[in-house]
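Asks: Give me the fold of what follows.
(one chain, ligands or ions: 2)
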Amino acid sequence: MASSEAPSSIEERLCPIRIHLINPSDNSFGTAVITPRWLFVIAAATPRAVGDPILVDECLEKVAPDTISPGDIVGIGIHTGNALRGYEVGRMARERGAWVVYGGIHPTLYPDEAFEQGRAHCIVTGDGDVAWGKAVAGCIAGQPERIYAGGHLEGEQFIPARWDLMPRDKYMWASVQTTRGCPKHCSFCSVWRTDGQRPRQRPYQTVIDEIVALRRMGFRFIALADDNFYPVSFTDLRLAREQNNQARLDDLNRIRADRFLLMEELAKLPDDLAFFTQITMEAGEDGEYLDAMRKAHIKGALVGVESVTPEGLKAVFKDFNYSGDALAKQLQTFRQHRVHVLGSFIFGLPTDNPATFDATVELAMKAGVSFAQFVMLTPLPGSIDFGRWEKEQAGHPTIIGGQPVTRYWLIPSAIRPKLFIPHPSMSFEEIRARTQKVWDRFYSWRTIWQRSDCTPDLRARLAFVFISKLYRQMYAGTGLATDSARKKRSERWARWTARLCRRLFHAKPMPELQSPMWEAAFASNSTRPAFLKGSDKPGPLTVLR
Ligand code: B12
Ligand code: SF4
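Replies: Ligands and ions are numbered 1, 2, ... in the order given. All right, here's what the predicted structure looks like:
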């Protein structure tokens, strides 16, 4: 077989086929903060007949090309940020005679690109839980279709991850998704378009099963990888009532009730578990919800604050957020209910001016947010901002490294701009330097130490300090830093801190931990994956502590 061709003869097809799943990354630290969930979900979606897939997360170490043989099937998951590396991996795999399949948000948005740049045989768009099996079957049959459209599955169809295939000592946090989709429509975000605006919630039993499996292995820290953990706001309920839309009201109430059921079950899990999620600040209106979160061991949430001014919020279609003092008050409510906030702020909005930077960091400190990220406005493909910018660029596209800037992810990272949409009054360098200063100010040793007084004991306080520094360093390595010396320094630091942090994160495994029986949801028991069943004996109805 010519090395760059897919296998064709029957003998070649009868050779044992190995499935590789690769999460591409330019930076390999040996340790990673959060598990790339898709890797373990698609591993679970791999047809059992072909055996366990070989998983490679390049955040840990690079893929070794000689592990890929002719006839193997290589699944590569990409988002916009790692698409370029993903295409490199795909070309290498195809060169070695393997079938190359891409999936994830980026090929969902740009299917053709994966063929042109990444030499794909086929791609999976949308949810891969069901479509991946079809793509594998197509490759084994030697005739894959061009596109396997996964669409939007219902929550009941989401496949639980194969945590049994995860290297146990490499990640600090695991990630479990409980719901997908977001009813909002922020202008910089693509989630509501790619995942839809209707929340699709997994049955809480399958979520608890996964978490129990993770805690058995010694994982205490778990990110609930949801788009928005508060999918129904008081305003949504009020509007449905005012419109006399009973069907909508029932639907919203059901979604809300399901959230509470999930949280009730999470609350029964061992007390040393710590969950972290993403939520809109509207949740600050609902003390009952925040209390349920805290009881459910949800200790923190990323809250998209974006801008501290009303003009800035209007610019990003986020008028449901608060600004000024009301914003500080709303965020303090989370703290009062003992839910830590990771505030996410965007710089580079057209309404920003030099005073915005200091005002933002001061508000972040006043509002009592425990962590913060300050990102520069990036047009994400699929978002309204991106569409607008692409249209503006259409007549006279800026070309960098042979690529139009509206395909910035294809520009090598060394020459890729960090800010794309020109600001009306500030230069890129000014925005970058001011943003850098904001990070330095928010994460100075003194301010971190002051913020860490919210922790219950010295161990937790040290963990807080290290996580803060790690977060800041990892960000500096991938996001803002422009000179390579600073980048290298911060990578070294991040590597070292990451190893130290990992020890702080893990707990003694609890192999005796059982999931409840869930008779109703798993009547046949056949839908419950074997690796989640635990012992053959019936488990107790509530989880052991
Ligand atoms: C949790 C999360 C995080 C976490 C954890 C990330 C991690 N390491 O896993 C944190 C908070 C750290 C994070 C950080 C960032 N994130 Co994020 N994150 C998410 C979120 C909410 C869920 C991701 C997840 O785990 N989903 C669960 C898995 C099962 O779903 P999935 O990945 O989509 O995979 C399914 C399908 O896509 C498909 N599939 C995926 N891969 C493959 C591969 C194959 C072969 C096949 C067949 C199918 C397939 O099948 C899977 C099962 O159905 C998504 C939003 C979203 N809805 O995707 C944003 C999202 C992925 N993040 C996004 C962004 C922009 C970022 C940041 C750049 C933000 C920032 N400014 O810092 C960083 C980048 C981090 C990095 N370098 O990877 C964007 C990406 C947009 C884009 N076009 O690429 C998203 C889509 C949100 C958004 N605003 O639009 N993120
Ligand atoms: S930024 Fe958050 S709230 Fe806005 S649409 Fe995206 S996921 Fe929803």
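Asks: ok, whatever residue of the stretch 151-300 of the chain ends up closest to ligand 1 to ligand 2 distance?
Replies: Nearest residue of the stretch 151-300 of the chain to ligand 1: Ala225, at 3.5 Å (C-beta to the nearest ligand atom). C-beta here means a position set from N, CA and C on the backbone, and glycine is covered the same way. Applying C-beta to the nearest ligand atom, to the nearest Å, the value for Ala225 to ligand 2 is 12 Å.
Asks: Does that residue touch Arg180 like I think?
Replies: No: using C-beta atoms under 8 Å as the test, Ala225 is too far from Arg180 to be in contact (9.2 Å).
Asks: Which one of the two is surrounded by more residues?
Replies: Arg180 (24 against 21; other C-beta atoms under 10 Å).
Asks: Contacts only, for the more buried one.
Replies: For Arg180, the contacting residues are 152, 155, 158, 195-196, 199-200, 226-227, by C-beta atoms under 8 Å, 6 or more residues apart in numbering.
Asks: Of those, keep whichever come out buried.
Replies: 155, 158, 195-196, 199-200, 226-227 (16 or more other C-beta atoms under 10 Å).
Asks: Which of those residues sits closest to Phe345?
Replies: Nearest to Phe345 among the buried ones among the contacts of Arg180, counting by C-beta to C-beta, is Asp227 at 18.8 Å.
Asks: Angles on the backbone of the closest one, please.
Replies: Backbone geometry at Asp227, expressed as degrees, to the nearest 10, gives phi -70, psi -40.
Asks: Distance check, it against Tyr322.
Replies: Relative to Tyr322, Asp227 is positioned 21 Å away (C-beta to C-beta, to the nearest Å).
Asks: next one: Arg85
Replies: For Arg85, the distance to Tyr322 equals 39 Å [C-beta to C-beta].
Asks: Kindly confirm my reading that Arg198 forms part of a strand.
Replies: No: judged by DSSP: H, G, I helix; E, B strand; the rest coil, Arg198 forms no part of a strand; its state is coil.
Asks: that older thread, tell me which two of the contacts of Arg180 sit farthest apart.
Replies: His152 and Asp226, at 15.1 Å, using C-beta to C-beta across the contacts of Arg180.
Asks: what about the strands in the stretch 51-200 of the chain?
Replies: Using DSSP state E, counting those that start in this stretch, the strands of the stretch 51-200 of the chain run over residues 54-57, 73-77, 99-103, 122-125, 147-149, 171-176, 179-180, 200-201.
Asks: give the contact list for the nearest residue to Lys295 once chain neighbours are set aside.
Replies: Nearest non-adjacent residue to Lys295, counting by C-beta to C-beta, 6 or more residues apart in numbering: Ala267, 4.5 Å away. With contacts defined as C-beta under 8 Å, 6+ apart, Ala267 is in contact with 292, 295-297.
Asks: on that earlier part again, and the strands of the stretch 51-200 of the chain, which is most packed in?
Replies: Highest mean neighbour count among the strands of the stretch 51-200 of the chain (mean count of other C-beta atoms under 10 Å): strand 99-103, with a mean of 29.
Asks: For ligand 2, which of the strands of the stretch 51-200 of the chain is the nearest?
Replies: With C-beta to the nearest ligand atom as the measure, strand 179-180 is the member of those nearest ligand 2 (10.4 Å).
Asks: For Val191, see how far away the closest residue to Asp352 other than its chain neighbours is.
Replies: In space, and not counting its chain neighbours, Asp352 is closest to Gly312: 6.8 Å by C-beta to C-beta, 6+ apart. Relative to Val191, Gly312 is positioned 20 Å away (C-beta to C-beta).
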